[in-house]
Each structure stands twice: as structure tokens, then as C-alpha cells.
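Asker: Dropping the sequence and predicted coords here.
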Amino acid sequence: MRISILALEGLFDTGLTAMLDTLSLANKFSARQFGGTPYFDVSIVGVRRKVRSGQGLVIPVRPITPDLKPDWVVIPALGTGTPDELVPALARPDVRAAGGQLMAWHAEGAQIAASCIGTFLVAETGLLDHRAATTTWWLGPLFRQRYPNVLLDESRMLVPSDVGVTAGAALGHLDLALWLVRRASPELAAVVSRYLLADIRSSQAPYIIPNHLAQADPLIQRFERWARDHLKDGFSLRDAASALATSTRSLQRRCQDVLGKSPLAYFQDLRVEHAQSLLHGSGLDIDAIAAEVGYVDGATLRTLLRQRLGRGVRDLRAELR
């Protein structure tokens with residue numbers, strides 16, 4: 001499998017090294033333990049002659065030439081973690097040039113893989129329009145605003161499509177690398193995962209901080225404050241809208257536009273977050289915690305936690321022991 005990693009100025013160092021180290025380890029195991037030739041022919045390419053990482057390290061890149069025909073193109077994230085940094089970066093000449101090159105490679109049959117903020121570079125080209133995708137969870141509101149035609153689900157860690165695959169935040173680069181190895185050989189991926197003490201995660205949901213998402217919009221911020229004050233009371237869309245001096249339709253539309261979910265779904269996110277906090281530090285039993293977040297019994301809360309986080313109460317409590 002020919003993989004070209006497209007390196008851009010100021011990229012996220014860990015993203016690049018996680019990809020390189022995982023693929024390098026896979027090649028070593030494929031040659032030594034499985035008796036075959038290395039699966040991956042990896043090159044680092046750039047639209048500029050000289051590229052420095054976000055930490056200022058010089059990255060050796062080869063020029064993009066007509067004979068370069070990758071099966072997969074990987075776009076590591078830029079080291080721009082906030083909208084104020086990211087939006088100007090997307091307008092840079094080298095980023096624009098990289099987008100044009102992605103389009104050319106895709107037209108020749110290459111698949112595109114991106115993680116974290118790298119997904120924004122793919123979305124800029126329009127290749128993700130009307131396709132499912134994920135991105136770094138804390139920039140979900142910006143992504144949704146900037147690319148309304150993309151079917152975004154930032155709760156997922158990996159989302160394949162006919163264009164390639166997108167992955168979630170930061171160390172989602174590792175999940176992406178393991179996913180590529182697994183496509184080549186599930187047996188090889190299992191060995192690499194064990195050596196790295198890592199495996200592909202299916203969800204970003206346990207890591208999402210609802211308060212951070214609310215910062216993207218003043219109305220959502222006010223809704224979050226109201227919701228936290230009323231977790232015990234249960235959810236009423238009419239009461240929430242009235243308290244915020246808006247209509248129920250406006251609140252529903254704003255939540256969908258900014259968060260990609262209904263007001264009730266976001267209210268439940270806050271319940272899950274508070275329940276997690278109480279499980280870790282309060283000493284309360286599950287029924288008492290359920291009452292604190294507006295449920296009549298612990299069974300309903302257990303179901304919600306498992307649905308949202310993929311883990312039961314016992315597992316969540318064991319995390320901090």
C-alpha cells in the first residue's frame with residue numbers, strides 16, 4: 001500500500017509521529033513475524049520545499065511529482081487548536097495548494113485519510129459534501145457552520161466513506177494509523193495494537209466537554225447555564241425557551257446548527273457529565289446520583305451511561321481507583 005503523508009507548515013507533531021511510528025512498526029512486524037515484505041510504502045511529501053512542524057522541527061519532505069501515485073493520502077492536523085488560529089490558516093497559499101493536490105490525487109483514484117484538524121483541509125475541497133465525517137470534537141460547531149453539507153458526527157472516532165476516512169481529535173491520528181494497518185491485515189493490526197498498548201476506539205463521546213461546545217454561541221451558553229440549574233427538574237423545552245426569551249423553534253434550530261443535536265440531547269449530555277463527576281467523587285449510590293440528575297431510579301441512568309459512554313457504572317467508578 002503506497003501512503004503519502006502530506007506535511008504542511010505548522011502541523012501537529014504528535015499526529016505525524018503517531019502515524020509514522022505505527023506504520024513503521026507494522027512494517028517491521030510484517031517482515032519479521034509474518035515472513036512477508038513490508039505492507040506500507042510510506043513517503044512524506046509537501047507542497048513547499050521546506051516544512052517545519054508546530055514545534056519548529058524541520059520535516060524532510062519530497063516534492064510532489066507526476067510519478068507519485070499514492071493509494072492513500074494522509075493529512076495530519078495543523079497545530080491550530082482554536083477557530084481564531086484555524087480560519088486564517090485555511091486561507092494560507094500552501095493550504096490552498098494542498099487542497100488542489102488532494103483533488104488531483106482523488107481524481108486519480110487515491111483515497112483520502114485525515115484526522116483532527118486535518119479533516120478541515122479535506123472539507124475545504126468539497127470532497128466531504130453529502131458524506132458522513134467526523135472531526136476534532138471541540139471544533140465541531142465551527143466545522144458544522146463552515147461545511148453545512150457535510151454529515152458531521154463528532155461523537156464518532158472513525159468514519160469511513162467512499163472518499164476515504166476521517167478521524168477524531170488529536171490522538172485520533174493513532175486510531176487512524178491502526179485503522180489503515182487493519183485494512184491491510186487484521187492480524188498485523190492486533191500485534192501492533194498490543195505493542196503500542198492501544199486499540200481503535202469507536203467513539204469520542206466520553207471525552208467531549210459540553211461546556212466547551214457551548215462557548216461557540218451566546219444562546220447555547222445561556223441554555224447550558226439554565227440546563228445545569230435544572231438537571232434535577234427534568235427537561236422542558238417550553239420552560240427553557242421561556243427562560244431564555246426565545247421561541248422553542250429558535251432554540252431547537254440553534255442547537256441543531258451549533259451542536260448538531262436537539263436541546264434534549266444536549267441536556268442529557270450535561271446529565272451524563274454530572275453523573276460521571278458524582279460517580280468519581282461523591283460516594284453516592286446510583287439511585288442517589290440518578291435523583292441528582294433528574295431520573296427517578298438508577299436503572300434509567302445506567303442505560304443512558306452505557307449508551308453514551310459505552311461503559312457501565314462499575315467500569316466508570318473503577319477508572320479513578
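Answerer: That came in fine, so what should we check first?

Asker: Tell me where the model's unsure across this protein.
Answerer: 34-35, 319-321 (pLDDT under 70).

Asker: quick one, strands of it?
Answerer: Taking DSSP state E, the strands of the chain run over residues 2-6, 41-46, 51-52, 58-59, 62-63, 72-75, 111-115, 132-133, 151-152, 158-160, 164-167.

Asker: Not counting its own residues, what contacts the third one?
Answerer: Surrounding strand 51-52, the residues in contact under the criterion Cβ atoms under 8 Å, 6 or more residues apart in numbering are 7-11, 58-59, 61. C-beta here means a position set from N, CA and C on the backbone, and glycine is covered the same way.

Asker: The stretch 101-250 of the chain: helices as residue ranges?
Answerer: Counting by DSSP state H, counting those that start in this stretch, the stretch 101-250 of the chain forms helices over residues 118-124, 140-146, 172-184, 186-196, 210-214, 218-229, 237-243, 248-259, given from the N-terminal end onward.

Asker: which one of those is the most hemmed in?
Answerer: Most buried of the helices of the stretch 101-250 of the chain, by mean neighbour count (mean count of other Cβ atoms under 10 Å): helix 118-124, with a mean of 26.

Asker: distance between that one and the chain's centre?
Answerer: Offset of helix 118-124 from its chain centre (Cα atoms, centre = their mean, to the nearest Å): 12 Å.

Asker: Run through who's touching it.
Answerer: Against helix 118-124 from outside (Cβ under 8 Å, 6+ apart): 8, 15, 74-78, 86, 90, 95, 98-99, 102, 112, 114, 128, 133-136, 139, 143, 146-147, 150, 163-164, 166-167.

Asker: May I have it as CSV, with CA atoms only?
Answerer: Coordinates of the C-alpha atoms in helix 118-124 are reproduced here as CSV (Å, rounded to 0.1, in the frame of the first residue of the first chain):
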residue,chain,number,x,y,z
GLY,A,118,-6.8,17.7,9.0
THR,A,119,-10.4,17.0,8.3
PHE,A,120,-11.0,20.7,7.7
LEU,A,121,-8.5,20.6,4.9
VAL,A,122,-10.4,17.8,3.2
ALA,A,123,-13.8,19.6,3.8
GLU,A,124,-12.4,22.7,2.2
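
Asker: before we move on, the earlier item: now the strands of the chain as a markdown table including distance to Trp179 and mean neighbour count?
Answerer: Written out in a markdown table, the entries for the strands of the chain read as follows (distance: least, Cβ to Cβ, whole Å; neighbours: other Cβ atoms under 10 Å):
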| stretch | distance to Trp179 | mean neighbour count |
| --- | --- | --- |
| strand 2-6 | 12 | 22 |
| strand 41-46 | 15 | 18 |
| strand 51-52 | 25 | 18 |
| strand 58-59 | 23 | 13 |
| strand 62-63 | 25 | 12 |
| strand 72-75 | 11 | 26 |
| strand 111-115 | 8 | 28 |
| strand 132-133 | 14 | 20 |
| strand 151-152 | 19 | 20 |
| strand 158-160 | 6 | 19 |
| strand 164-167 | 6 | 28 |
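
Asker: right, so of these, which gets closest to Tyr195?
Answerer: Closest approach to Tyr195 among the strands of the chain is made by strand 41-46 (18.0 Å; Cβ to Cβ).

Asker: can you give me the angle the closest one makes with strand 2-6?
Answerer: With axes from the mean of the first three to the mean of the last three Cα atoms, to 10 degrees as the criterion, the two stretches strand 41-46 and strand 2-6 enclose an angle of 20 degrees.

Asker: what lines up beside strand 41-46 in the sheet?
Answerer: Taking DSSP bridges as the criterion, strand 41-46 sits next to strand 2-6 (parallel), strand 62-63 (parallel) in its sheet.

Asker: Tell me which of those lies nearest to Thr37.
Answerer: Relative to Thr37, the nearest member of these by Cβ to Cβ is strand 2-6, separated by 13.3 Å.

Asker: ok, and what's touching the closest one?
Answerer: The set of residues external to strand 2-6 that reach it, using Cβ under 8 Å, 6+ apart, is 16, 19-20, 23, 40-47, 68-76, 98, 101-102, 105, 180.
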